[in-house]
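Participant: dropping the sequence and predicted coords here.
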Amino acid sequence: MSGFIERHGLWSPEQREVAQGIARALADGEIDVVRFGFADLHGIVRGKSLMAEAAASALGSGVSITSTLLLKDTAHRTVAPVFTAGAGIGAPELEGGADVVMVPDPLTFRRLPWLAATGWVLCDLFYQDGRPVPFSTRQVCRNALARLAERGFGYVSGLEVEFHVTRLVDPALGLEAPGQPGLPPEVAHTHQGYAYLTEQRLDQIEPILDILRRDMMALGLPLHSIEIEFGPSQCEFVFRPGTGMAPADDMILLRTAAKQICRRHGYHASFMCRPQFPNAMSSGWHLHQSLVDADGGNVFAGAAGGLSTIGRHFLAGLLDGARAATVFTTPTINGYKRYRANSLAPDRVAWARDNRGALLRVIDGMGPAATRIENRIGEPAANPYLYLASQIVTGMAGLDRGEAPPASTDTPYLSDAPALPTSLESALAILAGDETLRHGFGDGFIDYILMIKHAEVARYNSTVTDWEHREYFDLF
């Protein structure tokens, strides 16, 4: 295989070896089509499906794709002026909607169990001269991991992801439904909720959960458990911990696969934080994290229990950067409706030992290897590459400063700790002035995400809501 990838030295020996195996499967007719995709700013997979011959060629040359896909908000609207200098974000390479190159990462290749002879692979984005596209979120995460490795540490994380699985009643495909965004589907509940972790509720939703479980395992996802959550139609998937960027790749595959599998069987999976259902419960994404040394030893584990000095410095950095990092952990307008007192979701920047009301929960009672920090702030719609990168960047800042965290709290909802932002708009203002995240992500990327997210906020602020109509139409 030769071409763009070899010319610019974009693959490791391991990637080249795995790619050769994929090429053989394509040549032998085992795979007829491959979906090449990348995770955009919002963690949505975009890309192209290539037939076998074209897919084999792409293993050498990559896949060209329009750069406007990097400039869209959550309604799929291009919000940057692409036909002006620098495409409005100081990137002359993107002017006019010029192409960038998707380079597949063979290590992410999977065969989709719900489709015949179909492969799926995640890609990284490169300019046509071989430079990484700085707005590629997977590249942002890779850069953060590389800086952590320079300090002699590896990053370990585990996922606890809550989401809603409902039964599809009307897929909203009528002539009046399309738009940016289109009308959401009409759904019905799969279980009534409010019977947390009961076998009865689990069995009610087991028919679709069993299909999801089988396909997730066939994909090689490190699924640890499937649980019934508190809210109606709500469930939780827990993954075994992984290293480096693998958990972020797993999260992308989980969301993509769950939505496709459910739709094929007459269900709807949603990772929206708080759907507009009566009696709905918010969904969160709890991220468990620790650092390891070159030998794989957990450097968060203290000799006498609790967090080590390194762990405490990292904890202090997470706390210092938590408010600015909410744009990455909670990137939607809807996600901020989850931050409520006494709700098992945090509402302020506090930490505690084994307390599920705190933003950061230190878990140290299960042995040194399992000592970790659980961040309970995230929403399941977060881009996983940016979520992980925000933790690494802010935690490393704490390491560099050698600072100690404040005292823990036993009453996180009564603490006098700083409050988390209560809206995406206020979180954007905090991020704009944060030096730690600007240094870690780069000014260009921070300004890029601020531009896209401000466009979403402006569209939200200009929309007349059901609440406003009910509140004012008759009164005034």
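Facilitator: Thanks, I have it.

Participant: which residues does residue 128 contact?
Facilitator: Residue 128 makes contact with 93, 98-101, according to C-beta atoms under 8 Å, 6 or more residues apart in numbering. All C-beta spots, glycine's among them, are computed from the backbone N, C-alpha and C.

Participant: for it, grab phi and psi.
Facilitator: Dihedral angles phi and psi of residue 128 (degrees, to the nearest 10) take the values phi -70, psi -10.

Participant: so the residue nearest to residue 11 when sequence neighbours are not counted is in which element?
Facilitator: Nearest residue to residue 11 in three dimensions, chain neighbours excluded: residue 5, at 5.7 Å (C-beta to C-beta, 6 or more residues apart in numbering). Here residue 5 is covered by helix 4-7, with elements defined by DSSP states H and E.

Participant: does the following helix or strand past that helix pack against any helices or strands, and if so which?
Facilitator: Helices and strands here follow DSSP H and E; after helix 4-7, the next one along the chain is helix 13-27. Using 3 or more C-beta pairs under 8 Å, 6 or more residues apart in numbering; DSSP states H and E as the contact criterion, the secondary-structure elements in contact with helix 13-27 are helix 52-61, strand 118-126.

Participant: do a quick rundown of the strands in the stretch 101-250 of the chain.
Facilitator: Ranges of strands in the stretch 101-250 of the chain, per DSSP state E, counting those that start in this stretch, are 110-111, 118-126, 154-170, 186-188, 223-228, 234-239, 242-243.

Participant: run through who's touching stretch 98-106.
Facilitator: The contact list for stretch 98-106, computed with C-beta under 8 Å, 6+ apart, reads 4-5, 10-11, 15-16, 18-19, 22, 36-38, 47-48, 58-59, 62-67, 70, 93-94, 121-128, 133.

Participant: domain parsing for this structure?
Facilitator: 4-134, 144-469 (automatic domain parsing).

Participant: identify the residues contacting residue 406.
Facilitator: Taking C-beta under 8 Å, 6+ apart as the criterion, residue 406 is in contact with 319, 351, 417.

Participant: need the domains of the chain in CSV with mean pLDDT and distance to residue 476, can you?
Facilitator: CSV is the format used below for these (pLDDT from 0 to 100; distance: least, C-beta to C-beta, whole Å):
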stretch, mean pLDDT, distance to residue 476
domain 4-134, 96, 30
domain 144-469, 94, 11
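
Participant: quick check: residue 377 is in a strand.
Facilitator: Yes: looking at residue 377 with DSSP: H, G, I helix; E, B strand; the rest coil, it is inside a strand.

Participant: I'd guessed it sits against residue 359; true?
Facilitator: Yes: applying C-beta atoms under 8 Å, one finds residue 377 in contact with residue 359, separated by 5.7 Å.

Participant: what sits in contact with each of these two?
Facilitator: Common contacts of residue 377 and residue 359, defined by C-beta under 8 Å, 6+ apart, comprise 322, 346, 420.

Participant: distance of the last one from residue 231?
Facilitator: Just to be clear, that refers to residue 420. Counting by C-beta to C-beta, to the nearest Å, the gap from residue 420 to residue 231 is 21 Å.
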